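Participant: Here's a sequence, model it:
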Amino acid sequence: MSDKPARHNTGKAAPDEPVRRHTGPVRVAIMTAGSRGDVAPFTGLGHELARAGHEVTLVTHGCFEPLVAGAGVRFHALPVDPRAELESARGRGLHRSATGAGKLLRVVGMARRLVGRMTDDLLAAARVNDVLLLSSSLGPLGHTIAEGLRLPSMGVYLQPLAPTGEFGPAVLGGRSWGPAGNRLTGNGVSIAVEQVFASAVPAVRDRLGLPRHPSGAARRARERQGWPVHHGFSPLVVPRPRDWRPGLDVSGYWWPYDTQHRLPPRLEEFLASGPPPVFVGLGSATVPDPGQLSAVVVGALRRAGMRGVIQRGWGGLEADGDDMLTIGEVAHSALFPRMAAVVHHSGAGTTAAGLRAGVPAVPVPIQFDEGFWAARLVSLGVAPRTVPLRKLTAGALAPALVRATSDPSYGERARALAARIGAEDGVGPVLESVNRLSG
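Facilitator: Next up, the predicted model:
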């Protein structure tokens, strides 16, 4: 690894020089921002990289520090509390957009105001590491930092973001407009994502002595250079698109590091008191009226004649009665295999947990890529249908629950797929790339 300060076409050393490197274990920083689902998979990825002998630091919002406890990785806190932002007036405004494009524009505006607050900590973390692994939420900014500090980097994405003709952009729900339309909208999404960093990236380039680039030039350069990106989902769920450029790989799932192998006693008692219940949870999603939604969920479960485990989550769901139990954070890996079915918002991480458990699903997508994952569950035959949050009623959810739990084909397909996914090694390709980049 070079220990010379970065020099560019100005002939001057970069104003902010990288910390000198040293020999020994490779120091790997995994950088991500967003909700819990944007962080949890990287605790498992980091744990496995640490087991392979690397010194790993997870760089993300300070509120997620408890997630890394026991995982054998270090933690570097970023500012911004994503839950507080979602619960703010700007965050609640996302629910006023009925279309995926409208929500994307709103979230781009939110993120653009916040990303600059994280730049100093991202730079500080990068300076004491040798390789940067960048989630899609920080990709353009992290790549610029890596370029300025002369650090090798690669993407570690939880969703398919590169344009393809095979399906529409995942962040818009995955709706298809045909091959040409899919590629066109995919490029449009890429341009929108770049706008998140329209102010932060030029400032960092100035700070690190890098020349200014026209908008989109850095993204096109990454594509030409074949910048490596590993995607943390199974090719059985999303096969690698045939028209993707070299360097974009689908590696397999990165499972969160879970220390909670035993369920809380109260939950164990509830599970033992009757037939397997249905899990209902919306993860880190917020909702306009938690009370009304909770009533709809409980009404649907009772209409279907099923018990429920309701996870409070960021949406604040609650349920009362002997046939219902409200819980806080519980490891999905310990809970889901004991459920009759799982009802969830179809976030990438929760979708993966349900597939891993081998139980049927009833997806209730809310926004962004959730519609994409929900459609995948239906196409894989492990969910009877999607019930989008905007159309969620007890009359719509109850029959979907009955079908998912009474038709044995859904459980059979779910268990068969879980066995195949469980045999995959999503970490191995990432580890090989880290070793290659740091060699």
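
Participant: in the stretch 151-300 of the chain, which spans are helices?
Facilitator: 178-196, 200-207, 217-224, 265-272, 290-303 (DSSP state H, counting those that start in this stretch).

Participant: For the spatially closest residue to Arg385 that is not a sequence neighbour, grab the count of nearby residues.
Facilitator: Of all residues not flanking Arg385 in the chain, Ala400 sits nearest, at 5.5 Å (Cβ to Cβ, 6 or more residues apart in numbering). All C-beta spots, glycine's among them, are computed from the backbone N, C-alpha and C. Neighbour count of Ala400, defined by other Cβ atoms under 10 Å: 23.

Participant: any idea which element Ala400 lies in?
Facilitator: Assigned by DSSP states H and E, Ala400 belongs to helix 394-406.

Participant: tilt between the next helix or strand along the chain from that helix and helix 394-406?
Facilitator: Reading on from helix 394-406 to the C-terminus, the next helix or strand found by DSSP H and E is helix 408-422. Per axes from the mean of the first three to the mean of the last three Cα atoms, to 10 degrees, the angle that helix 408-422 makes with helix 394-406 is 70 degrees.

Participant: Near Ala352, how many other residues are there?
Facilitator: 26.

Participant: thought it was touching Tyr253?
Facilitator: Yes: the pair Ala352 / Tyr253 is scored as a contact, 5.1 Å apart, by Cβ atoms under 8 Å.

Participant: overlap in contacts of these two?
Facilitator: Pro41, Phe233, Ser234 (Cβ atoms under 8 Å, 6 or more residues apart in numbering).

Participant: could these go into JSON lines alongside pLDDT and distance to Gln195?
Facilitator: Putting the shared contacts of Ala352 and Tyr253 into JSON lines (pLDDT from 0 to 100; distance: Cβ to Cβ, whole Å) gives the following:
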{"residue": "Pro41", "pLDDT": "95", "distance to Gln195": "26"}
{"residue": "Phe233", "pLDDT": "97", "distance to Gln195": "26"}
{"residue": "Ser234", "pLDDT": "98", "distance to Gln195": "31"}
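
Participant: ok, back up a step: hey, least reliable of the helices of the stretch 151-300 of the chain by pLDDT?
Facilitator: Lowest mean pLDDT within the helices of the stretch 151-300 of the chain: helix 217-224, a mean of 74.

Participant: residues making contact with that helix?
Facilitator: With Cβ under 8 Å, 6+ apart, helix 217-224 has contacts from Pro140, His143, Thr144, Ser190, Glu194, Val201, His213, Arg245.

Participant: Can you flag the buried ones in those?
Facilitator: Pro140, His143, Thr144, Ser190, Glu194, Val201 (16 or more other Cβ atoms under 10 Å).

Participant: Just put the residues you listed in a markdown table and tack on distance to Gly305.
Facilitator: Shown next, in a markdown table, are the buried ones among the contacts of helix 217-224 (distance: Cβ to Cβ, whole Å):
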| residue | distance to Gly305 |
| --- | --- |
| Pro140 | 50 |
| His143 | 52 |
| Thr144 | 56 |
| Ser190 | 47 |
| Glu194 | 50 |
| Val201 | 55 |
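
Participant: Which member of the residues you listed is positioned nearest Arg420?
Facilitator: Ser190 (31.5 Å; Cβ to Cβ).

Participant: What separation do you get for the closest one and Ser234?
Facilitator: From Ser190 across to Ser234, the span is 24 Å (Cβ to Cβ, to the nearest Å).

Participant: cool, Ala295 as well?
Facilitator: Using Cβ to Cβ, Ala295 is found at 36 Å from Ser234.

Participant: These two: which is more packed in?
Facilitator: Ser234 (21 against 14).

Participant: Over to that one: give its phi and psi.
Facilitator: phi -80, psi 140 (degrees, to the nearest 10).

Participant: Report how many residues lie close to the spatially closest residue to it that is not a sequence neighbour.
Facilitator: Setting aside the residues directly before and after it, Ser234 is nearest to Ile421 in space (Cβ to Cβ, 6+ apart), at 5.0 Å. Residues within reach of Ile421, counting by other Cβ under 10 Å, total 20.

Participant: can you tell me how far Ile421 sits from Gly209?
Facilitator: 45 Å.

Participant: dump the residue contacts of the residue nearest to Ser234.
Facilitator: If you count contacts by Cβ under 8 Å, 6+ apart, then Ile421 has Ser234, Leu236, Val237, Gly252, Tyr253, Leu355, Arg356 around it.

Participant: Leu271 too?
Facilitator: Neighbours of Leu271 in contact, by Cβ under 8 Å, 6+ apart: Leu263, Pro277, Arg338.

Participant: that older thread, show me which of the contacts of helix 217-224 is closest to Ile366.
Facilitator: Ser190 (23.0 Å).

Participant: wouldn't that closest one be in contact with Leu161 here?
Facilitator: Yes: Ser190 lies in contact with Leu161 (Cβ under 8 Å); the separation is 7.3 Å.

Participant: Among the contacts of helix 217-224, which pair sits farthest apart?
Facilitator: That would be Val201 and Arg245, which, of the contacts of helix 217-224, are the farthest apart (Cβ to Cβ) at 21.7 Å.

Participant: quick one on the thing from earlier: buried residues in the helix holding Ala400?
Facilitator: Buried, per 16+ other Cβ under 10 Å, within helix 394-406: Ala394, Ala396, Leu397, Ala398, Pro399, Ala400, Leu401, Val402, Arg403, Ala404, Thr405.

Participant: Can you lay out those residues as a markdown table showing pLDDT?
Facilitator: Output for the buried residues of helix 394-406, formatted as a markdown table (pLDDT from 0 to 100):
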| residue | pLDDT |
| --- | --- |
| Ala394 | 95 |
| Ala396 | 95 |
| Leu397 | 96 |
| Ala398 | 97 |
| Pro399 | 97 |
| Ala400 | 97 |
| Leu401 | 97 |
| Val402 | 97 |
| Arg403 | 97 |
| Ala404 | 97 |
| Thr405 | 96 |
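
Participant: Sweet, I'm off.
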